[in-house]
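1. Okay, predicted coordinates and the sequence, questions at the end:
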Amino acid sequence: MNDESNFISTQLLQKVYPATKRGQEDLTVFDKVNFNIRKGEFTTCIGHSGCGKSTILNILAGLAEPTSGSVMMDGKSVSGPSLDKAVVFQNHSLLPWKTAIENVAFAVKSRHPEWSLLQIRKQCVKYLEMVGLNDSYNRKPSELSGGMRQRVGIARAFAIESKLLLMDEPFGALDALTRGIIQEELIKIWEQTQQTVFMITHDVDEAIFLSDRIFLMTNGPYARVAEAVVVDLPRPRDRSQIVHHPDYYKIRNHLVDFLVSRSHELSGSSNGAEERQEESGTVDGELLLPPDVNPALA
Ligand SMILES: Nc1ncnc2c1ncn2[C@@H]1O[C@H](COP(=O)(O)OP(=O)(O)OP(=O)(O)O)[C@@H](O)[C@H]1O
Ligand SMILES: [Mg+2]
């Protein structure tokens with residue numbers, strides 16, 4: 001399908017790692033992962049370590065293959081990386097022999113081969129400054145701190161202004177102040193460029209602040225996306241005001257409850273998980289919050 005409600009659509013994604021030793025069982029990390037993302041939607045994904053979030057992001061990016069199932073983007077099957085998908089990796093992946101600005105320029109040039117050197121430089125500087133790297137353009141990754149390297153990776157992904165922005169815990173290595181500033185820049189860029197975003201985070205407040213919807217994954221093995229929580233808080237969102245919205249803590253408590261207990265209760269073998277999901281009212285792999293918790297349904 002190629003309508004705006006199905007800009008990204010995953011069908012029955014499954015990832016199995018075969019056993020490497022005799023007597024060991026194959027590892028089915030996740031199974032029957034189904035979700036759709038609307039064009040221009042900001043989604044985040046939360047789940048415990050090891051449930052397969054990065055693997056799903058790599059599959060969306062075309063950098064990894066599912067064992068079975070498929071991903072469609074804009075009506076076409078995703079079969080490899082492309083410049084309409086920008087990725088911020090969980091661990092930065094900069095070219096070590098290039099400076100910060102050269103790393104960003106490399107991506108911008110690939111995206112816009114027709115641009116002049118001046119245009120490329122302007123685009124790089126715009127995004128490097130946006131992430132607060134005003135004085136460090138000419139340093140190589142080995143001369144930057146972990147958080148600075150991560151910010152170069154973020155600037156590189158933002159600078160190519162792709163249709164789809166995939167981010168794997170992009171702000172994990174940043175201090176709280178920088179994290180807040182870059183989150184706000186991200187929202188501005190997202191609004192300007194109307195990109196579609198899929199971002200992994202462990203931070204429930206970050207997820208609520210940024211998202212239109214939050215995908216909640218059960219624990220592995222046989223992990224799956226058990227719920228898609230709609231965050232219908234008005235935009236623009238102000239970090240200090242949003243917490244006073246009457247729905248904020250309803251959503252937050254629901255996310256925390258999921259992470260603390262339900263992600264485990266809903267997990268298990270393929271069949272068991274399926275039965276439990278049906279009991280809790282899953283429709284096409286997405287379970288929406290009851291009306292009093294989910295403002296979109298109230
Ligand atoms: N090449 C591999 N061979 C075998 N198992 C693997 C391989 N790569 C990943 N895994 C396993 O797949 C599972 C999912 O890994 P993944 O990195 O996607 O998890 P994650 O949800 O992103 O975790 P985290 O929150 O810690 O980043 C883990 O159990 C991991 O050990
Ligand atoms: Mg990960």
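-> In hand now; what should we look at? Ligands and ions are numbered 1, 2, ... in the order given.
2. Distance check, Arg38 against Met72.
-> Distance from Arg38 to Met72, counting by CB to CB, to the nearest Å: 13 Å. C-beta coordinates here come from the backbone N, C-alpha and C atoms, glycine included.
3. tell me, what's touching these two both at once?
-> Taking CB atoms under 8 Å, 6 or more residues apart in numbering as the criterion, Arg38 and Met72 both touch Asn6.
4. Close to ligand 1: what parts of this protein are there?
-> 17, 27, 29, 47, 49-55, 90, 220 (CB under 6 Å from any ligand atom).
5. Would you show me how to pick out the buried ones of those residues in PyMOL?
-> Restricted to buried positions by 16 or more other CB atoms under 10 Å, the PyMOL selection for the residues of the chain next to ligand 1 reads:
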select buried, resi 29+47+51+52+53+54+55+90+220
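6. tell me the contacts of the residue lying closest to Leu63 once chain neighbours are set aside?
-> In space, and not counting its chain neighbours, Leu63 is closest to Pro81: 5.6 Å by CB to CB, 6 or more residues apart in numbering. Neighbouring residues of Pro81 by CB under 8 Å, 6+ apart: Ala61, Gly62, Leu63.
7. May I have the phi/psi pair for Pro81?
-> Main-chain torsions, Pro81, degrees, to the nearest 10: phi -70, psi 150.
8. interface residues of the stretch 1-150 of the chain facing ligand 2?
-> By CB under 5 Å from the ion, the residues of the stretch 1-150 of the chain that approach ligand 2 are Ser54, Gln90.
9. Doesn't Lys21 belong to a helix?
-> No. Assigned with DSSP: H, G, I helix; E, B strand; the rest coil, Lys21 falls outside any helix and is coil.
10. quick one: pLDDT of it?
-> We have a pLDDT of 89 for Lys21.
11. distance of it from Leu27?
-> For Lys21, the distance to Leu27 - CB to CB - is 12 Å.
12. try Ser162
-> For Ser162, the distance to Leu27 - CB to CB - is 32 Å.
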